[in-house]
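Q: Just the structure for this:
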Amino acid sequence: MAVKDQCEACVSFNAGSGCCSINGQRPIINGSSCENYRKKGINLTKAGSINIAPSPITPSPQPQPTNPIPPSSNPQSKGMFRHIFSFDGRIRRLEYGLTYLAYYFYCLPMKLISENDLSAGFASLWLLLCIPVLWIVLAQGAKRCHDMGHSGWWQLIPFYVLWMIFKEGESGTNQYGDNPKD
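A: Here you go, the predicted model:
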C-alpha cells in the first residue's frame, strides 16, 4: 500500500481539503508524507484499511477559558431596566428614580384632563395600560426595598417612596442578591 493510500485511510486525513489534519500537508508518494507515518505510523482505522504500527494518538488539549465570567458579573445580566417585571434582585436609586419619573409622566395626562373632556375610549385604554405600568412600578419598588435590605412590602408605607429615592442601598451582597453597583 502506497503512502498516499495509507494517508487517505487515516483518521487524521481530511477528504474535503485533501490534507492531513496533523501536519496540514497533502500525501506525498515518496514516503515523506507524514511525520507520524515515517516514525511509527498512525492508527489507520477508517473502513477498509489496515493498522500499520499503531501508536496512541493523544488528544489535543482543550482550550481553557482564560477568565471565566461568573453569572453574577455577566455583562449581559447587568444594566438598567433588564428585568422590569421581576420582583427578584436589587436595583440602584437611579433606576428606581427614573421608573418613578416615567410613572409620574404616564399619570400626568389623566390629572390634566377634566372628566368632561375625557372620552370613554381613551379612559378605557388608559386603564388597560395601567395594569402593566403598576406592575412595573411595584416590581421596581420591591427591588429597591431589597437593595436597602428590606422586604418589598415596605414600599406600601406612606412617603417611603422618598426614602427609597434618596437612601443609599446596602453595600456588598445581602439576602436579596449582589450589590447592583458592583
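Q: can you tell me the average pLDDT over the longest helix anywhere in the chain?
A: For the chain, the helix with the greatest residue count under DSSP state H is helix 120-147. Per-residue pLDDT over helix 120-147 has a mean of 90.
Q: And that helix, what does it pack against?
A: helix 93-112, helix 160-166 (3 or more Cβ pairs under 8 Å, 6 or more residues apart in numbering; DSSP states H and E). For every residue, glycine as well, the C-beta is placed using N, CA and C.
Q: That helix relative to helix 93-112, how many degrees between them?
A: Helix 120-147 runs at 160 degrees relative to helix 93-112, counting by axes from the mean of the first three to the mean of the last three Cα atoms, to 10 degrees.
Q: Helix 120-147: which residues count as buried?
A: Trp126, Ile136, Val137, Ala139, Gln140, Gly141, Ala142, Lys143, Arg144, Cys145, His146, Asp147 (16 or more other Cβ atoms under 10 Å).
Q: Same question for stretch 172-182.
A: Asn174, Tyr176, Asp178, Pro180.
Q: can you put those residues in a markdown table and add pLDDT and distance to Phe87?
A: As requested, those are exported to a markdown table (pLDDT from 0 to 100; distance: Cβ to Cβ, whole Å):
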| residue | pLDDT | distance to Phe87 |
| --- | --- | --- |
| Asn174 | 91 | 15 |
| Tyr176 | 91 | 10 |
| Asp178 | 90 | 16 |
| Pro180 | 88 | 15 |
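Q: Give the full set of residues in contact with Gly160.
A: That one is not Gly; residue 160 is Tyr. Trp154 (Cβ atoms under 8 Å, 6 or more residues apart in numbering).
Q: where's Phe81 relative to Ala102, distance?
A: 10 Å (Cβ to Cβ, to the nearest Å).
Q: Who has more neighbours out of those two?
A: Ala102 (15 against 12; other Cβ atoms under 10 Å).
Q: Which pLDDT value does the model give that one?
A: 93.
Q: Point out where this structure drops to low pLDDT.
A: By pLDDT under 70, the low-scoring segments of the chain are 1-11, 13, 27-78.
Q: How is it divided into domains?
A: 1-56, 78-166 (automatic domain parsing).
Q: I'd like the helices and strands packed on helix 120-147 as a markdown table, with distance to Asn14 appended.
A: Shown next, in a markdown table, are the helices and strands packed on helix 120-147 (distance: least, Cβ to Cβ, whole Å):
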| stretch | distance to Asn14 |
| --- | --- |
| helix 93-112 | 53 |
| helix 160-166 | 62 |
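Q: Ser17 is nearest to which of those helices?
A: helix 93-112 (52.8 Å; Cβ to Cβ).
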